[in-house]
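Participant: predicted model follows, preceded by the sequence.
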Amino acid sequence: MTIGVIGEFDRKGGGSYHQSKKIFKILSKFKDFKFKLLTINSQKKISKINDDNKIYYEINFIDQFFFLFYSSKLIKSILKKFNIKSRFEKFLKKNKIDLIFFLGCSRLSLFCNNINYVTYIYEFHHLSRPDLPEYKGWSDFDFREELLETNIKKSLSLIVDTQKKGKDLIKYYNCFEDKINVIPLTTSITELENKRETQNSKEIIDYIKKNKEFFFYPAQYWSHKNHYYILRALQQLKKKHNRSIQFVQNPNYAEGMTTSIRAGVQAASSGALGFMICLSDLPFIETAEYQELMDQFKLLLAENPQLILRPVVGDQPGNPVLFSASYREELLSHVKMEGCRGLIRQYKERVHRHPMNTDHVLRDIDTPEEYERYFVNQPA
């Protein structure tokens, strides 16, 4: 039997990506079945890797039409009457897939009329928190609800990670209990610190008893999440260096990077000497290099209150760029979604170019292939 496993296999999928990879790795250990990792993409061409266990499917405009057709019972019945099959159905038949395992609800399940499938249902949190922003976009409340109902009714079997979710499926979706299987998600952190679980629990209980005010962070510490590491880093900064970090939420992030710059500048202290605009895709810059830029900025600021400092490697300008506090209002009123390039061009005569000893301020990572090259496929 050949089983097609469909999950999130794009690194930009974050936690879903890591969990999908982990589950496929576990499934691959079973020798009684043949598992095919089915990579779905609808945004751009997939970077294909020659692997007998991987097959690729690109959603195109024909699939989009079929999604539209299947939303109408009348059109769907006409297609069925004349035996007009979707591209996805033909693809499954061509690749001799006997069973589909969806790691999360998928629209492609609409096309699985002649093949059985199993669905791992991660969450249906939209029922209790419909106010959250992730339920307001294109995958809104109604979309999620319709997709869940389809997957719950049509799946041969359902998998959830907790007993409570199983009971909620029965309660909210009138699901047959026999279809539900409880398989907890794996967590690397729990595996690494399992011996300390009892001690950690006791420390938490003691802390709550002693403190009237505390910050409660309602998140599970999965290995693919950053929550745990962020909290530990904040703890160390406070403990060793007495540094407190302020988090700023940008509700308009989807409009472009300039909105994040404005949000950060707005939240900065009125006594700030300046603003360092850091980019998240420059992972090679070291702490000492950030410190070098800040030291140089402070040194020059006394003589030039309108300073803009930019690191360079040879003739190539890099990032981060530092602006003196005199640009606060211009940064707040900047509307072009290009970051700070416009201001740098406008005041190019004020820009001090600081030479760097490495190319770290130039080396960004924009694709999964670049990430693989720099961080995954390195010799031990």
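Facilitator: It's in. Just so it is clear, the model here is predicted, and its values are computed rather than measured. Numbering: from 1, shown residues only.

Participant: hey, where'd the helices end up in the stretch 1-150 of the chain?
Facilitator: 15-27, 61-70, 73-81, 87-94, 141-154 (DSSP state H, counting those that start in this stretch).

Participant: actually the stretch 251-380 of the chain, not the one I typed
Facilitator: Ranges of helices in the stretch 251-380 of the chain, per DSSP H, counting those that start in this stretch, are 257-267, 287-301, 328-333, 341-346, 368-371.

Participant: any chance of those in TSV with mean neighbour count as columns?
Facilitator: In this view, the C-beta of every residue, glycine as well, is placed from N, C-alpha and C. Shown next, in TSV, are these (neighbours: other Cβ atoms under 10 Å):
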stretch	mean neighbour count
helix 257-267	17
helix 287-301	14
helix 328-333	14
helix 341-346	14
helix 368-371	13
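
Participant: need those in TSV with mean pLDDT and distance to residue 310, can you?
Facilitator: Below are those laid out as TSV (pLDDT from 0 to 100; distance: least, Cβ to Cβ, whole Å):
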stretch	mean pLDDT	distance to residue 310
helix 257-267	90	15
helix 287-301	96	9
helix 328-333	93	15
helix 341-346	91	7
helix 368-371	74	23
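
Participant: these: which one's closest to residue 29?
Facilitator: helix 368-371 (24.7 Å; Cβ to Cβ).

Participant: for that closest one, packing partners?
Facilitator: Contacting helix 368-371 under the criterion 3 or more Cβ pairs under 8 Å, 6 or more residues apart in numbering; DSSP states H and E is no other helix or strand.

Participant: tell me the domain boundaries of this protein?
Facilitator: Following automatic domain parsing, one finds the domains of the chain at 2-182, 203-241, 253-355.

Participant: averaging pLDDT over each of those, report the lowest-scoring one.
Facilitator: For the domains of the chain, the weakest mean pLDDT is recorded on domain 203-241, namely a mean of 66.

Participant: what lines up beside the lengthiest strand in the chain in the sheet?
Facilitator: In terms of residue count, the longest strand belonging to the chain (DSSP state E) is strand 34-41. Sheet pairing of strand 34-41 (DSSP bridges) gives strand 2-6 (parallel), strand 54-58 (parallel).

Participant: any idea which of those strands is most buried?
Facilitator: strand 2-6 (a mean of 20; mean count of other Cβ atoms under 10 Å).

Participant: show me what that one is in contact with.
Facilitator: Residues outside strand 2-6 that contact it (Cβ atoms under 8 Å, 6 or more residues apart in numbering): 20, 23-24, 27, 33-38, 40, 55, 92, 95-103, 106, 108.

Participant: now stretch 108-118
Facilitator: Outside stretch 108-118, the residues touching it (Cβ under 8 Å, 6+ apart) are 6, 40, 66-67, 70, 80, 86, 88-89, 92, 97-102, 119, 147, 150-151, 154-159.

Participant: list the buried residues of that stretch.
Facilitator: Under the neighbour-count criterion of 16 or more other Cβ atoms under 10 Å, stretch 108-118 has 108-112, 115, 117-118 buried.

Participant: now do stretch 144-152
Facilitator: Of all the residues in stretch 144-152, those buried under the rule 16+ other Cβ under 10 Å are 144-145, 147-148, 150-152.

Participant: how many residues are close by residue 93?
Facilitator: 12 (other Cβ atoms under 10 Å).

Participant: please apply the same query to residue 155.
Facilitator: Neighbours around residue 155, by other Cβ under 10 Å: 22.
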